[in-house]
Structure formats: C-alpha cells, structure tokens
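# fold the following for me, if possible:
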Amino acid sequence: MNECEFGICQICDEIKPLTRTYFHYDIKCECHSPNHFDLVIHCENCIPEKPKETRVILSTKVLKEVLYGGGDPRD
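Residues are numbered from 1 along each chain as shown. Below you'll find the predicted structure:
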C-alpha cells in the first residue's frame, strides 16, 4: 500500500499532500548519513530549490583537518 505524506508545504505554507526532495552534497558529515543532504518537503505545485544555507555537524578533529590540513597550528 502506498503512503502519502500530508502537511504544511515548506515553500507555500499550504496544507496539502507532500513530497520530499533531497539535495545531496559531497561532504562527509556526522549529521545523519555518510554524505550530507538537505531535505525540502513540498507540495506538487511548488518547485524546490537548494536551501541558501546548510548546517553540517563535524567533530572538532575533522573540522581541524578540513581547516588546517591535518593539524591545528595553535596546538
């Protein structure tokens, strides 16, 4: 049996049947999957766009590797 999500569209704010669009990024994160993605939940009348900003969870160790290439010069 098919399920239909129903609720408020993130784009037009109307209550309608909804669909999900995932925008995947080539970033290894610690948020929810091996590669980061943003989810936009929208009705069939709205065209989803990539969010203007995204939040990624990284451990401090990984962040230092990204920023300093493996070592923080301040350590």
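# which residues of the protein fall in helices?
Under the criterion DSSP state H, helices of the chain are mapped to 60-68.
# the residue positioned nearest the centre of it and residue 24, how far apart?
By Cα atoms, centre = their mean, the chain has its centre lying nearest to residue 38, at 1.8 Å. Residue 38 is 8 Å from residue 24, where distance means Cβ to Cβ, to the nearest Å. (C-beta placed from N, C-alpha, C; glycine too.)
# strands paired with the longest strand along the chain, and their directions?
Ordering each strand of the chain by length in residues (DSSP state E) puts strand 15-28 first. Strands that pair with strand 15-28, judged by DSSP bridges, come out as strand 5-8 (antiparallel), strand 35-42 (antiparallel).
# and among these, the most buried is which?
Ranked by mean neighbour count under mean count of other Cβ atoms under 10 Å, these are led by strand 35-42, which reaches a mean of 16.
# which ones are touching residue 5?
By Cβ atoms under 8 Å, 6 or more residues apart in numbering, the residues touching residue 5 are 17, 18, 19, 20, 41.
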